[in-house]
Structure formats: structure tokens, C-alpha cells
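**Student:** Predicted model follows, preceded by the sequence.
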Amino acid sequence: MAEKGKTREFKWQRKHLLGLRDLTAEEITYLLDTAQGFEEISARAVKKAPPLRGKLVVNLFFEDSTRTRNSFALAANRLSADVVEFTKKDSSVSKGETLLDTARNLEAMGIDIVVIRHNAGGAPTLLSKYINACVVNAGDGFCEHPTQGLLDVFTIRKRKGSLKGLKIAIVGDISHSRVARSDMWAMTKLGAEVTFVGPPTLMPPKVEQLPVKVSYSLDDVIEKVDVINMLRIQFERLGGNPFPSVREYSHYFGLTVERMKRAKPDILVMHPGPINRGLEIESEVADGKNSVILQQVTNGVTVRMATLFLVNQAAAEKPAEIQNG
Amino acid sequence: MVNKIKKLMGDELLIKNGHVIDPANKINKKCDVLIANEKFVEVGHIKKQVANVIDATGKLVVPGLIDIHVHFREPGNEEEETIASGSAAAVAGGFTSVVCMPNTTPPIEDETDVEYVHRKARKARKTHVYTMGAITKSREGVELAEMGFMAQAGAVGFTDDGNGVQDVSVMLRALKYAQMFNVVIAQHCQDDKLAGKGVMNAGYYSTILGLPGLDPLAEEAMLWRDIQLVKKIKTGTVRYHAQHISTAGSVELIRAAKKQDLPVTCEATPHHLLLTEKYCAEYDTNYKVNPPLRTQKDIEALKEAIADGLIDALVTDHAPHLQSEKELEFLAAPFGLIGLECALPLYIKALIEPGILDWPGLIRLMAEKPAKIIGVDKGTMTKGRQADVTIIDPNAEYKIDVNTFRSKSKNCPYHGWTVKGKVEKTIVGGEIRFSV
Amino acid sequence: MKVLLNAKQIDSALNKLTNRIVADIPEGVEIAVIGIRSRGEIVAQRLAGRLSKKIGSEIPCGTLDITLYRDDLNSPKSGSQPQVRTTEIRFDIDDKLIILVDDVLHTGRSTRAAMDALIDLGRPKAIRLAVLVDRAGREFPIQADYAGYKAVAKPGQLVQVLLKESDDKEQVIVK
């Protein structure tokens, strides 16, 4: 946390937030510290501050996501930016306008920040190479969802003080989860020990080369962890038949009241939402005293405000330039 | 830039003082090459005075290079490449013969399609253009295409390249049937069920980049299956060719097959010898290719295979795509990269510079052996053969610049690489079709 | 570098401020002290302490981070980047007389930003500006209601307040 009265010599230099893999622990910490300054805005009478006044933020969403889209819109609004919603389903593989054409058209309208959600891993990186506006990744394929990773570590840090030495389990469909990846990068960089938990059929290739432990048994890890993040089973992403039935999945990987009895009393229960009640998590656990699921939502707006503010600051530092092409 | 096309017709052409490498005839020395009436007349120390002389001092004079795996996109995608533009790129890269893959739109699947390719190639007057026909109708892997008629029209082999033939019974039938015409069946080994929607090698990088992976097993499983089929037939003239093998596992399967003297050949590409999956890390779609770029371990295995003589042909898999198609999400962009105009220096970099092959070894894999796979009388300077010659300056050092390419497409990941070895002249049928 | 005030002089300037503020408080009005980060915060805490003692009741004190209200956020700049920190005002500012505190009043831009920030937090009865040092160089039509010391400084000179809480020493200097 930022010490009172002391200015740390640090400069945020990223005009794009594409993922957490490339960020240093210092950058992540700086972003979290900055986010703390934004918490108070959401709590006061006039829920607005002016730093992005006159800036145009585009929510460029190629996948359904009411939650993240609203969270970004709210964050932008609270910083006095104008927000344009641009929702286009499944455009990447369909014919018609390409992603770059869409973005160039938007840029011609004078946008400052593009918040992009896309079903293709790397789509935000592609955009960042060809347009001048700041690019914020709101989830790309199963690559990264950096603001989710940030809000998760923000939430943990707020409750536990620090991530150093914490044991964290991330449970579910790891192979198709951008949340698991962003969480992994953020949590391990901040000193936590992360275990991916799920059936072998839902582990990504070469998972052993990632900075995590892997377990196929939730029962083996439930007693040891300080934080457990239950991923949503996304039926639309599951190819084939990675587990025989929902019933069997829940039996082995669901966070049930029974399993919670064996967990540490102060375990934090997280979920990126929306919840499949009774599938990956039982209602009583999702709504129970250990659950921080709603705080995650609140913190999401806070962290996204900090993100929009910082990328805009970095853009103000550097005169507009196209890095490539 | 300007290609001086000079028809010699009966005239004689003497290439003097070059270092001639003709592995088939065990020639590897400084001498002269005499060409007359489009054919090789003599290789040796020639005193004869002729009107047309090329001074090849300090240069290598080799049998015209042959690339048995290119995509010229015609008919159907002429915006990406045409037989004319592809042929111009080929001679600029030193290739006097190429073999087009049949995955055009529509595919090459009957004799008129084959004749169409030949006609366009004659009009282009650059390199010899051969084509393979599709194994199955519409390349769908269900019913055999008219291999007989296509072979009669000059198809030099059959493949559904871009797709592997998934159905084992169809593949068995294709291999058996092709024996009637003594042509090779070439396979793009990929089990589609295992491959899924993969766009790059399944591994550490696909995991951190969040892209669906192509499991090496998808290639190996089909290669293993096909080898069992060949083993089962084994009689007659069955010939099987594994296209662009890319994994250490495939190398082992080929090694085992060759140990059993099975009629199995295979090919490699420059990108599978020089680039790894790591190059995909910036989502640059010029590195999106199928089979995908693998790992350093696979590169080592392929190089070892080349050193051991397990690889029969070095090809390019020249696959042109429009800039606009490649400026897409990695997930959505098409597979493929172009290579005709930089293949030779890349093979020099990958194989000669580290001492895996010597020059005769390289020429064998870029001319003599590929010709054998497609069953044409080329790839050597034997007297009486059609005079296809490539003259190479082995010491010229330069930067690869896609903007100088004759290909209509620019999807080449080697732009800006510093390489050594430049094609000086390409002679096709006794005629200089390319000259620096 | 020249020392304008030493520790003792700072102490008496603070006393002067305290006395004048107390003398000015209208009957029946609640007051609160809010300091602008970062050194205004320390001055505000000291003032609040002295005011509490003098009045005999606890005067609430808060800290305002004005980064988000700065007028130079979107102009290209080099050098340091403004860092957002927390605003910590744990009381209702509505209908209170707010003593807004900063260490140095120079261009008036910080004060403008602080007033905008305060108004987003509620509707105070009045805002009065108290500064430890008032120097020339105003760019906005803003004046201090209470100044502990009026410094003479030329444009380009930097007047700096150093306090033991943040700087381990206690002096006001001009550079």
C-alpha cells in the first residue's frame, strides 16, 4: 500500500492493458494502489470525478457480457468519459467487416480508449498494433481477462492485506479460462502459490510449464488454501465431452457446504460470475460468510476506473504514435 | 529486376568456369556446362567457342531446383497469386520446376483442371509447372477423384493437401488404386478430430496465448496409420509421400518405415527448420501455418533426420495470402506463408551453415530426389535431359525484402532477415528465364 | 536556497492561523478541517489539533486527494506523473464551515481543484482557505482567507515547506 505522504518514483507507461503476463509485480501493485484512490468515488453523493472529461471510450464487445460491459461503462462514466457501446456478436469468423476495419472506423470518430472483448485470443494485441487509441482488454478468447485478474487480487489484498505466501486454488475449466490465466499471472507475481484444480481433460497443454501446481482433486486441496476461486463452467466453450455429466463434475469439483466444512475458517470464496448455482458452487456457499463474490463486483468498477485513468495518463505522456504498420 | 528472356532455339549456350554440382552424376568441381537445343550436351572442360557464354566464375552451377509443394491459387484466388506470378517468383527463387497443390477453388480434380494449369503455365513461360490432383472429389475425403484421367493429363501425384484423408478405408483405396498409374499419393497428415480448431502448436505458447492448439499427435497418428496401410499393400508400385512433416514423432515414424524399406518418402519446409512456436507470441499471423511451427526439439529432430538421409525433399509450401486476410485475429487468419523467393538462402542458413548438409547434399534434396518422387526426368545434368540450371552466388549476403518479391502476396515472416546465397540466373529448357 | 521560516517560526505561524480562524467562526456553525495532499494534510492535522484544544471540542479533520481534479491531466507532460491516492474524509461536509488547508498558495490551481473536489463530496456552508505560506504568482482569482506567512518569491523560484512528519525537518525554504 502507498505510504502516506511519500511519493514513490514510478511512472505508469502502458497506454494499453493487454494482459497481466507482461506486467511486473511493481506495475500491478501500482495499479492496485491507484485503484484504492478510486474506491471513495463510488461511495459518495456525487459518484463522479472529472479526469476523463471529454474523452471517448468505446465498449467494443464481440461477445455477450453484460457484467463486464456494464462495469467498464460505469467506470468510464464515473470518470466523466463519454461511452459508446458497440456490440457485435461473433464478428471475427463471419465475413463482412474485419476487426481492424471496425476499429479504424471507430478511430475515425475520434475515440480515445477502446475496451475490447473478443472471442479470439490476441485480438486486443492486434488492435494495439494498428490504432492510436488506448486498448484495454476486457477478455480475449481464453487468453486473458486482465481487469478480472486485477479485481481478484485487489479483493484478496483488501481482505488479507497481502498475497505473499497465500495458497490459492483456482477450480474448474482451466484450459478455456482467461480468468484462470490472468489470475495466475497476477497472483504468482504478487507472491501467492496457485494451484489449478480440475479434471485432466480441462487442463491446457503443457500446464506443467506454468508457474502453478496442478491437482485433479478438490478434496486434496480444500483444507490447505486461503482463497478458492470457483470458475464458471462455460458450456459454450467446452468442446466435446470433457466430463461425463454435470452431476459427476459437481460431485468432484463443486464447492459444497460439505466441502466447506473442511476448509480454513477464514477462506475467501471467489467466483468471477455469473454463478451456475448448484453446479460449481452451492447457493449456501456462494451467499455465505466466506463469499466475497459481490465485493468482487464492486471492486471491478474500482479497478477498471484505475485502469482507464492510467492508460489515459500514459497516452497523455506519449504523443500519438502507431507502433507497427 | 528485368528478366531478360532470350530464346536460344538451336543456339548453343555455354556456362563457363562455374563450380558445377550434379550429385546424380557425382560431379562436384569447377568446369563448364554446354547446352544446345534446350538440352544438356556436356559437362566438363569445354574448349568449344560458342556465341552465348555465361561466365559463372565464383558461382555454383546446379541442376534446376524443384519444389514439389507450392500453392499458386489459380483458379479461384487470383488476387493472392496466379500461375504467372507464382511462376515468376519460382524462377526468381531458382526453381525450374514446381508442383502445384490441387486445393484451388474449384480444386484440381479432373483432367481439364490439370490441362488448365499446364496451359496457364505455358503462357507464363517461366518455370515448369506440374500439378498434383485431388485424391478425392472436392477434397472431401469420401469418393476417389478420377486419378487415371488426371495422371494421363500429366498430374504428377495426388493429395488432398490442406486436408488429410480422414477415412482410413478411403485412404487404403486411394493407395491401391494409384498403383495402376505409378503415381505418388501425398498426404497432409492431420487427424481432424484430434486437431480440432487448433491454430498453432499445442504447447506452452498456445496455453499462454489462449489459442487452441494443434496436437503433434494429430500429425503423427495419421502418419502412423498411413504407414500401416503402405505396409499392408507393399506390393506393386505403391508410393506414399508424407508432406511437410513437422514433429520429432513423425521423424521417428519415417525412420522406422524406411528401416523396413517401405516405399515412403517425406518432405520438410524451411519454416519447420528455422522457426518455433515462440514466434507466434506476438500474434503475428505470418507465423500461422499448418502444420504449425513446433518446438526446438522438433527442429533438432528434423535436422538430424536430414543429416541421416531420412528426408527426401526440401520444399517451400509456398502459400500466398492477402495482406487483408493476414491482418486478422490469429484465430481467423488463414494458414500459410510464402517461401519461393527466399527458400534457397533459408536452407543454406538452416542446413549448410551449421554443417548438416554439404552443397551436393542440399542439391540432392532440392532437385534430384524431388524429381524422383514426382517421377519426372529432371534434377540432374545428364546428357540429353532438358537443360534446367540454377546459377547461385553462394557468398552474396543481403537482407530479405518482401517488397522485391514477384509473388502477389507478401505474407513472409523472413522479411528483414540477413541471409547468404543468391540466385543469379535460372535457366529453364535452355532459356534464361531469370537473371539478376 | 534560503530559509524563510525555521521550526519556531512555523510554530508561531500555525498559532497565528489558529487564533485568526477561531476568532472568525460564526456562532453555531460546525467547522471541519480538510487538508490537500500531501503536505496540506500535515498542516491540516496540526491545525485541527490546535483548534480542538482551543475550542475545547474535537474538530474533524480529513484529507483530500485532488489528483483527479487537476487541470493538467490530459496535457502532454514530461517528468513526473501524478499519482492518485486516497481521499479520506470520514465525516459529512454538508452545512459545515470547511477550513481548506494547503502548505503553500501559489498559482491557485490546486485550490480550484480542491474546491471542485469538495463540491462533489457535498454542500458545505462555506469554504475558507488557510495556508501556511502565501506567495506571489497567482494564475486564478483565488486568495487565502488566512495566511501564516507571506513570502516574497520571484517567478521560477520554488517555495517549499518541509515538515518533520514527511521530511524529518521543519523549515520553509525558497530555491
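**Tutor:** Perfect, thanks for sending it.
**Student:** helix/strand/coil for residue 20?
**Tutor:** All of this refers to chain A. Per DSSP: H, G, I helix; E, B strand; the rest coil, the local secondary structure of A:Leu20 is coil.
**Student:** other chain: chain B
**Tutor:** Reduced to three states by three-state DSSP, B:Val20 is strand.
**Student:** With adjacent residues omitted, what lies nearest to it?
**Tutor:** With sequence-adjacent residues excluded and distances taken as Cβ to Cβ, 6 or more residues apart in numbering or on different chains, B:Val20 is closest to B:Val61, at 4.6 Å. For every residue, glycine as well, the C-beta is placed using N, CA and C.
**Student:** Assign the one you found to helix, strand or coil.
**Tutor:** Strictly by three-state DSSP, B:Val61 counts as strand.
**Student:** and what of B:Val129?
**Tutor:** strand.
**Student:** And for the residue nearest to B:Val20, the neighbour number?
**Tutor:** Counted by other Cβ atoms under 10 Å in any protein chain shown, the residues lying close to B:Val61 total 28.
**Student:** distance between stretch C:122-141 and the chain's centre?
**Tutor:** In terms of Cα atoms, centre = their mean, to the nearest Å, the centre of stretch C:122-141 is found 8 Å from the chain centre.
**Student:** in the chain, what secondary structure element scores lowest on mean pLDDT?
**Tutor:** With no chain named, the answer covers chain A. Every helix and strand in chain A was compared by mean pLDDT, DSSP states H and E; the lowest is helix A:99-108, with a mean of 88.
**Student:** Hmm, no, I was thinking of chain B.
**Tutor:** Within chain B, no helix or strand scores below helix B:323-326, which has a mean of 91 by mean pLDDT, DSSP H and E.
**Student:** elements contacting the helix or strand following it?
**Tutor:** Per DSSP states H and E, the first helix or strand lying C-terminal to helix B:323-326 is helix B:343-347. Counting contacts by 3 or more Cβ pairs under 8 Å, 6 or more residues apart in numbering or on different chains; DSSP states H and E, helix B:343-347 is packed against helix B:271-274, strand B:418-428.
**Student:** Quickly compare these and say which is most buried.
**Tutor:** Highest mean neighbour count of these: helix B:271-274, a mean of 22 (counted as mean count of other Cβ atoms under 10 Å in any protein chain shown).
**Student:** residue contacts, the residue positioned nearest the centre of chain C?
**Tutor:** Centroid-nearest residue in chain C: C:Asp102, 1.5 Å away (criterion: Cα atoms, centre = their mean). Counting by Cβ atoms under 8 Å, 6 or more residues apart in numbering or on different chains, C:Asp102 makes contact with C:35-36, C:39-40, C:43, C:110-111, C:114, C:129-132.
**Student:** nearest spatial neighbour of it, skipping sequence neighbours?
**Tutor:** In space, C:Asp102 is closest to C:Gly40, 4.0 Å off (Cβ to Cβ, 6+ apart).
**Student:** just the strands in chain A please.
**Tutor:** A:56-61, A:82-87, A:113-118, A:134-140, A:167-171, A:193-197, A:213-215, A:227-230, A:268-270 (DSSP state E).
**Student:** residue contacts, the residue in the stretch 101-250 of chain A that chain B sits nearest to?
**Tutor:** In the stretch 101-250 of chain A, the residue found nearest to chain B is A:Cys143; the distance is 2.5 Å by Cβ to the nearest Cβ. Shown in contact with A:Cys143 (Cβ under 8 Å, 6+ apart): A:19, A:121-122, A:178, A:181, B:208-211.
**Student:** One more: B:Met132?
**Tutor:** By Cβ under 8 Å, 6+ apart, the contact list for B:Met132 reads B:99-102, B:108, B:155-159, B:161, B:186.
**Student:** Show the pLDDT at the residue of the stretch 101-250 of chain A closest to chain B.
**Tutor:** Note on A:Cys143: pLDDT of 97.
**Student:** can you give me the helices for chain C?
**Tutor:** C:7-24, C:39-55, C:109-121, C:164-167 (DSSP state H).
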